[in-house]
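Undergrad: below is the sequence, then the predicted model.
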Amino acid sequence: MSQEPSDDSESNPARRDRAKSNQRKQRRRFQVWLARWIHTYLSMLAFGTLFFFSFTGLTLNHTDWFFAEESRTSEYAGQLEAGLLGNRDVDPLESEDGQLDFSNQVDKLGVAEQLRKTHSLDGMVTNFSIDEFQYVIVFAGPGYVADVFVDRETGKYHITESVFGSFAVLNDLHKGRDSGLVWKTVIDISAVLCMLLSMTGIWLMCYIRGRWLSGLITGLCGCILLWAIYFLFVP
């Protein structure tokens, strides 16, 4: 009596090969779907920041293309309260380089907040230097700077405040100048998103049948071209 061929995939090489082929196809379809999903939604998530930094790259590199807004400069004068002039009876500290540090004699926060409140100063304090005779305080933000000079003897001060145009604000935001920790974090996240988009683009290219090699070669040529421009044309 003849024996019927078994349908068991383990004993049927053709069926086993078809099963493995189907598994590979399903895995490939899932990988392509995942790459497209990640690339698409990363692009939408990063749209605002990528557009902003692309546009401000133009405004920063070509200031003559855009309307040059004039800055506004204002000057103020006044006198600090006696309690904010500092306690000169306290011995100054000595820094590592042997210079005297008078910061322990002065309520820096109190002085800065009094000036900010009195004259509606913007920005953050980026410099507060103190010597035996005066304070020098700088309030700075994107497109903004205010320089303050305070006489320690009399408490009289002079402020020069400069407010620049909107493109100056955009350019400072692009560079992260005087923009605070949160905005610097936004710049870092934007940079990471750009790198992820580049990598997912390469990932997708690898799944385009018949085009992956030419795509990768094109990407490599772009990198080589960028470095060649740097070495040949950048002073």
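TA: Great, that's in hand. This structure is a prediction, so every number in the text was calculated from the model and none was measured.
Undergrad: mind checking which helix or strand of the chain has the lowest mean pLDDT?
TA: Least confident element among the helices and strands of the chain, by mean pLDDT, DSSP states H and E: strand 100-101 (a mean of 66).
Undergrad: name the residues that touch the host helix or strand of residue 225?
TA: Using DSSP states H and E, residue 225 falls within helix 212-233. Contacts to helix 212-233, defined as CB atoms under 8 Å, 6 or more residues apart in numbering, come from residues 202, 205-206, 208. Quick note: C-beta positions are derived from backbone N, CA and C, even for glycine.
Undergrad: derive a ChimeraX selection command for the buried subset of those.
TA: To isolate the buried ones among the contacts of helix 212-233 in ChimeraX, judged by 16 or more other CB atoms under 10 Å, type:
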select :205
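Undergrad: pick out the most distant pair among the contacts of helix 212-233.
TA: The span of the contacts of helix 212-233, defined through CB to CB, is set by 202 and 208 at 11.0 Å.
Undergrad: helices along the chain, start to end?
TA: Under the criterion DSSP state H, helices of the chain are mapped to 13-45, 47-61, 108-119, 166-175, 180-205, 212-233.
Undergrad: circling back: for the helix holding residue 225, buried residues please.
TA: Under the neighbour-count criterion of 16+ other CB under 10 Å, helix 212-233 has nothing buried.
Undergrad: alpha carbons only: can I get it in PDB?
TA: What follows is helix 212-233 as a C-alpha-only set of coordinates in PDB (Å, rounded to 0.1, in the frame of the first residue of the first chain):
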ATOM      1  CA  TRP A 212      18.600  51.900  -2.200                       C
ATOM      2  CA  LEU A 213      22.100  51.800  -3.500                       C
ATOM      3  CA  SER A 214      21.800  54.900  -5.800                       C
ATOM      4  CA  GLY A 215      20.100  56.700  -2.900                       C
ATOM      5  CA  LEU A 216      22.900  55.900  -0.400                       C
ATOM      6  CA  ILE A 217      25.500  56.900  -3.000                       C
ATOM      7  CA  THR A 218      23.700  60.200  -3.500                       C
ATOM      8  CA  GLY A 219      23.600  60.900   0.200                       C
ATOM      9  CA  LEU A 220      27.300  60.100   0.500                       C
ATOM     10  CA  CYS A 221      28.000  62.500  -2.400                       C
ATOM     11  CA  GLY A 222      26.100  65.200  -0.600                       C
ATOM     12  CA  CYS A 223      28.200  64.800   2.500                       C
ATOM     13  CA  ILE A 224      31.400  64.800   0.400                       C
ATOM     14  CA  LEU A 225      30.200  68.000  -1.400                       C
ATOM     15  CA  LEU A 226      29.500  69.800   1.900                       C
ATOM     16  CA  TRP A 227      33.000  69.100   3.200                       C
ATOM     17  CA  ALA A 228      34.600  69.900  -0.200                       C
ATOM     18  CA  ILE A 229      32.900  73.300  -0.100                       C
ATOM     19  CA  TYR A 230      34.200  73.900   3.400                       C
ATOM     20  CA  PHE A 231      37.800  73.000   2.600                       C
ATOM     21  CA  LEU A 232      37.900  74.800  -0.700                       C
ATOM     22  CA  PHE A 233      35.900  78.000  -0.200                       C
END
